[in-house]
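Trainee: Sequence plus predicted model, see below.
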Amino acid sequence: MSRLAEFLFFSLYALSALVAALVLVRFTGMAPNSAMLFGGFGFLAAMQIHGFFARASTQGTLEKRVEKLRKANLELSHEMAAIHDDLGDISQAIKEEAVRRNEVIVSEVQALESVISKMEGTLATRISEAARIAATPTLEPSEANDRHVLLTLVREALEAGRVELHLQPIVSLPQRKIYFYESFTRLRDQDGNVIMPAEFLKVAEPAGLMTVVDNLLLFRCVQIVRRLTEKDRQVGMVCNISPLSLRDEVFFPQFLDFMRQNADLAGSVVFEIGQKDFEERGIVEARNMARLADFGFRFSIDKVENLNFDVKDMQRAGVKFFKVSGNILLAAINADPDAALPAAPDIRICDVSRYLISHGIELIGEKVEDEVTVVELLDLDIGYAQGHLFGPPSPIREEFLAETEEAFKIAV
């Protein structure tokens, strides 16, 4: 009860006691003092009765509140128990998902190790054969010595597994969002010095070591793509593959079986081949490319030297990307803005991007080094670009490699 109500009741009881005393004096002839005393007793009695009922009312209200709080507490306890059960279910689901992912990774790594173990004898034979070829005196002494030294460094790097994977982003235009990474191989000698592709390719190809390099690169690419797709399904990888690997009777069947087991990565893995190699591919290479395409994998053509291409042949082969140096493309357009494509006289060179897109092939402007080139590529409706402007080829972060190495440890 509020203070105002208490005051009003107090005033009412006091007034009633005063009226009762006056009535006694007036109509009964009672002495004023006695009447006032009687009125005082009446006032005290009224206050006691009021206090009793007020306390009873307050106690009832408190009991109702306590009961309400008890029910609320009980409901809260039930909700907490339900939340605890839900958290337990979520925790169990997370554990099960972690176990499932780990089993998937272990299974993939075991499959990879199985394929590699089957190839160890062949790779060792090829490396040994490369050493024998390097020792054969078919060149001038000084040149032969240089090649022998370089080939020895390459052979030792492959034997020791000093093969690094460097990634360069391929971005969309104009957003510059990374959609793919192109993978590049780097070898290191025993002192940690990098052997660039321009150096090791000139001795690895004649010595038949390119298949060995592709073996290490392609299998590792698949493992890293698996890691990348766990974080962002829209990010994939472009892996270079040589014609030697496509026609290798030992490597390719086992690699094809491995890619069949990883066909869910078809949208994230693109195999890249040079323009000259694509145009000069034989029956075996074409058939093996078609087998990869049957699993959903697509191809990219790079090292484009001219714009004389057969778009129908590219489309049939499963080519998804056509990479042209920005300088080559812009130089051809600036030389003659109205010039037509050699294989499509009705199509101007400046419309090459739209022409390729109409056949399901995206044009990538590569070797982009400045913003001026970006603007010119956008004017040509080119949707993708690659170059040092967006990021140079860089080694994979050590912590990322550590995760992959941990997966191998688990598999063992």
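Mentor: Sure, I can see it. Every value quoted in this text rests on a predicted model; they were computed, and no experiment measured them. Numbering: from 1, shown residues only.
Trainee: Name all residues that make contact with residue 343.
Mentor: The contact partners of residue 343, taken as CB atoms under 8 Å, 6 or more residues apart in numbering, are 308-311. Yep, even glycine has a C-beta here, placed from its N, CA and C like the rest.
Trainee: List the ones among these that fall in helices.
Mentor: Residues of these located in helices (DSSP state H): residue 311.
Trainee: wait, is residue 166 part of a strand?
Mentor: Yes. Counting by DSSP: H, G, I helix; E, B strand; the rest coil, residue 166 is found in a strand.
Trainee: show me what contacts it?
Mentor: Counting by CB under 8 Å, 6+ apart, residue 166 touches 183-186, 393-396.
Trainee: Columns neighbour count and distance to residue 223 on top of the residues you listed, output as a markdown table?
Mentor: Formatted as a markdown table, the contacts of residue 166 follow (neighbours: other CB atoms under 10 Å; distance: CB to CB, whole Å):
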| residue | neighbour count | distance to residue 223 |
| --- | --- | --- |
| 183 | 22 | 11 |
| 184 | 19 | 16 |
| 185 | 22 | 15 |
| 186 | 17 | 17 |
| 393 | 15 | 19 |
| 394 | 12 | 18 |
| 395 | 14 | 16 |
| 396 | 17 | 11 |
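Trainee: What is the most widely separated pair among the residues you listed?
Mentor: Greatest spacing in the contacts of residue 166, by CB to CB: 185 and 394 (13.7 Å).
Trainee: export the contacts of residue 166 to JSON lines and tack on distance to residue 18 and secondary structure?
Mentor: Below are the contacts of residue 166 laid out as JSON lines (distance: CB to CB, whole Å; DSSP: H, G, I helix; E, B strand; the rest coil):
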{"residue": "183", "distance to residue 18": "105", "secondary structure": "strand"}
{"residue": "184", "distance to residue 18": "108", "secondary structure": "strand"}
{"residue": "185", "distance to residue 18": "111", "secondary structure": "strand"}
{"residue": "186", "distance to residue 18": "109", "secondary structure": "strand"}
{"residue": "393", "distance to residue 18": "105", "secondary structure": "coil"}
{"residue": "394", "distance to residue 18": "100", "secondary structure": "strand"}
{"residue": "395", "distance to residue 18": "102", "secondary structure": "strand"}
{"residue": "396", "distance to residue 18": "99", "secondary structure": "coil"}
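Trainee: ok, of the residues you listed, which one's closest to residue 212?
Mentor: Set against residue 212, the nearest of the contacts of residue 166 by CB to CB is residue 185 (10.7 Å).
Trainee: quick one: pLDDT of that closest one?
Mentor: As predicted, residue 185 sits at a pLDDT of 81.
Trainee: Could you check the strand or helix carrying residue 328 and say which residues are buried?
Mentor: Residue 328 is part of helix 326-335 when elements are defined by DSSP states H and E. Neighbour-count burial for helix 326-335 flags 326, 328-330, 332-333 (criterion: 16 or more other CB atoms under 10 Å).
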